[in-house]
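> predicted model and sequence follow; I will ask about them next.
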Amino acid sequence: MAILVTGGAGYIGSHCVASLLEAGADVAVVDDLSKGHRAALKGGRLYVGNVGERTFLREVFQKESIEAVIHFAAYSLVGESMDVPERYFRNNVTAGLSLIETMIEFQVPYLVFSSTAATYGEPEHIPIVETDRQLPTNPYGESKLIVEHMLRWCDQAHGLKFCALRYFNVAGAWHDGSIGEDHRPETHLIPVILQVAQGKRERLSLYGADYPTRDGTCVRDYIHVEDLIDAHLLALDYLKQGNPSAAFNLGNGQGFSNREIIEAARKVTGHPIPVTEAPRRPGDPATLIASSRKAMEVLRWQPKHTGVEEIIASAWKWHAAHPNGYGED
Ligand SMILES: NC(=O)c1ccc[n+]([C@@H]2O[C@H](COP(=O)([O-])OP(=O)(O)OC[C@H]3O[C@@H](n4cnc5c(N)ncnc54)[C@H](O)[C@@H]3O)[C@@H](O)[C@H]2O)c1
Ligand SMILES: O=c1ccn([C@@H]2O[C@H](COP(=O)(O)OP(=O)(O)O[C@H]3O[C@H](CO)[C@@H](O)[C@H](O)[C@H]3O)[C@@H](O)[C@H]2O)c(=O)[nH]1
């Protein structure tokens, strides 16, 4: 039986494929390569196509004997989602529904879903717990929340069991530096800073210095991609053991301001990282910090790379070894 990884050629998905292969799993991947890279795949059978196309997806489910799906395929840029929300509803909600329908049709019982801290919007309190109000401040978060809701109803009607894993800010790379983050264009804070350190950008635009935080810049909770993936494997086991559907936050429980991340990156890279203060980026909440206690207690998840300098150093190892990312592909 195979595990199907959608979006497996992307940043987080490729780390999941690598971990599953290391664990001895049989892996099939669906990715339309709109954002991903063939070279990011350490193995598995790749089907190039769009999760939103039912005919294509049915063919994959007919060829493969799939026991569970880990669904990463989505668009995930907060800023872009504010400008073109329809793109997010099409690719995240409609394509998500196509996957859910296909799973129901082929009676595949387990789904691990990439959800996000962005489903909470401006938090009611810090740290955020899973039962807190979910009121997204951007269409990206809304699109993920809609999928969570669809899953809840489809569980009730069809017994489709799922874990919605609400990631906070994911960073870092595979331990040997062989795979890592290569988004085009890159918009995430840590890789953008590292591109400045590499000399690929002159300076960092710091979006907003007037937030109600300790130094005026947004505060985020960074989680290492390998720790994040550990939680996916544990979530799969949890579902296979017959447990009920559930949502879990995945973060380190510690907030770092954008300025603190820049300072940490200066230390790690030895580069001055010039910064220009720029207006706020629409849709950004001021502070997002997770309580991941539930994942620790229920899934017995324990993050191993909790230091922010360690996380940045891990990303830097990949960037320094791959100045052009995955190159042309
Ligand atoms: N990076 C983060 O900090 C973060 C935080 C919270 C949640 N997430 C979620 O994690 C998941 C993975 O994020 P990532 O950073 O690896 O993104 P990514 O863009 O690197 O990977 C997504 C992959 O999915 C593929 N894809 C997109 N739409 C598709 C479709 N309709 N059909 C087939 N393939 C499709 C892309 O080609 C890409 O390879 C996303 O669902 C994202 O919303 C990411
Ligand atoms: O060039 C840049 C890039 C980012 N930022 C700021 O850095 C912070 C972090 O931004 P980014 O790295 O883009 O992450 P988020 O917007 O926090 O979103 C990430 O983290 C969310 C969960 O917290 C996920 O839902 C998203 O998928 C994922 O992209 C924000 O304040 C940005 O405004 C800058 O100031 N300059």
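Arrived safely. Everything numeric in this text was worked out from a predicted model, so none of it was measured. Residues are numbered from 1 along each chain as shown. Ligands and ions are numbered 1, 2, ... in the order given.
> contacts and neighbour counts: CA atoms only from here.
Fine.
> quickly check: the helix or strand bottoming out on mean pLDDT in the chain near ligand 1 or not.
Using mean pLDDT, DSSP states H and E, the weakest-scoring helix or strand in the chain turns out to be helix 78-83, at a mean of 93. No. Under the criterion of C-alpha under 6 Å from any ligand atom, ligand 1 is not reached by helix 78-83; the shortest gap measures 9.5 Å.
> just the CA atoms of that helix, as CSV, please.
In CSV, the C-alpha atoms belonging to helix 78-83 read as follows (Å, rounded to 0.1, in the frame of the first residue of the first chain):
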residue,chain,number,x,y,z
VAL,A,78,-0.5,35.5,2.3
GLY,A,79,0.3,38.7,0.3
GLU,A,80,-0.6,37.2,-3.1
SER,A,81,-3.9,35.9,-1.7
MET,A,82,-4.9,39.4,-0.8
ASP,A,83,-4.4,40.5,-4.4
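> and the contacts of that helix?
87, 88, 138, 139, 140, 141, 281, 282, 283, 284 (C-alpha atoms under 8 Å, 6 or more residues apart in numbering).
> ok now that helix, how far from the chain's centre?
Mean C-alpha position of helix 78-83 versus that of the full chain (C-alpha atoms, centre = their mean, to the nearest Å) differs by 16 Å.
> check stretch 165-181 too.
Distance of stretch 165-181 from the chain centroid (C-alpha atoms, centre = their mean) equals 9 Å.
> again with stretch 160-171
8 Å.
> those helices in this protein, which residues are they?
11-22, 54-63, 78-83, 85-88, 95-105, 139-158, 189-197, 225-240, 258-269, 293-298, 308-321 (DSSP state H).
> any chance of CSV for those, columns distance to residue 173 and mean neighbour count?
CSV is the format used below for the helices of the chain (distance: least, C-alpha to C-alpha, whole Å; neighbours: other C-alpha atoms under 10 Å):
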stretch, distance to residue 173, mean neighbour count
helix 11-22, 8, 23
helix 54-63, 29, 15
helix 78-83, 22, 18
helix 85-88, 26, 18
helix 95-105, 27, 19
helix 139-158, 24, 20
helix 189-197, 11, 22
helix 225-240, 6, 20
helix 258-269, 15, 18
helix 293-298, 22, 16
helix 308-321, 5, 21
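> looking at those, which one has the lowest mean pLDDT?
Mean pLDDT per stretch puts helix 78-83 lowest among these, at a mean of 93.
> who in this protein is up against ligand 1?
Within the chain, the positions adjacent to ligand 1 are 7-13, 30-36, 49-52, 72-76, 91, 95, 114-116, 167-170, 183 by C-alpha under 6 Å from any ligand atom.
> flag every residue of the stretch 151-300 of the chain that's near ligand 2.
So far as C-alpha under 6 Å from any ligand atom goes, the stretch 151-300 of the chain lies against ligand 2 at 167-169, 187-189, 192, 204-207, 218, 258, 281.
> any of those residues buried? List them.
167, 168, 169, 189, 192, 204, 206, 207, 218, 258 (16 or more other C-alpha atoms under 10 Å).
> farthest pair in the residues you listed?
By the measure C-alpha to C-alpha, 167 and 204 form the most distant pair in those, at 24.4 Å.
> before we move on, back to that, any chance of the helices of the chain in a markdown table, plus distance to residue 44?
Converted to a markdown table, the helices of the chain look like this (distance: least, C-alpha to C-alpha, whole Å):
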| stretch | distance to residue 44 |
| --- | --- |
| helix 11-22 | 7 |
| helix 54-63 | 13 |
| helix 78-83 | 30 |
| helix 85-88 | 27 |
| helix 95-105 | 19 |
| helix 139-158 | 26 |
| helix 189-197 | 27 |
| helix 225-240 | 16 |
| helix 258-269 | 34 |
| helix 293-298 | 28 |
| helix 308-321 | 22 |
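> so which of these gets nearest residue 126?
Of all these, helix 293-298 comes closest under C-alpha to C-alpha, at 13.2 Å.
> neighbours around residue 121, how many?
Using other C-alpha atoms under 10 Å, residue 121 is surrounded by 21 other residues.
> per-residue confidence for the nearest residue to it once chain neighbours are set aside?
In this structure, residue 121 finds its nearest non-sequential neighbour in residue 136, 3.9 Å apart by C-alpha to C-alpha, 6 or more residues apart in numbering. Predicted confidence (pLDDT) for residue 136: 95.
> try residue 329
49.
> from the contacts of helix 78-83, pick the one nearest residue 61.
The closest of the contacts of helix 78-83 to residue 61 turns out to be residue 88 (C-alpha to C-alpha; 24.7 Å).
> can you tell me the closest non-neighbouring residue to residue 42?
Nearest residue to residue 42, sequence neighbours excluded (C-alpha to C-alpha, 6+ apart): residue 18, at 5.9 Å.
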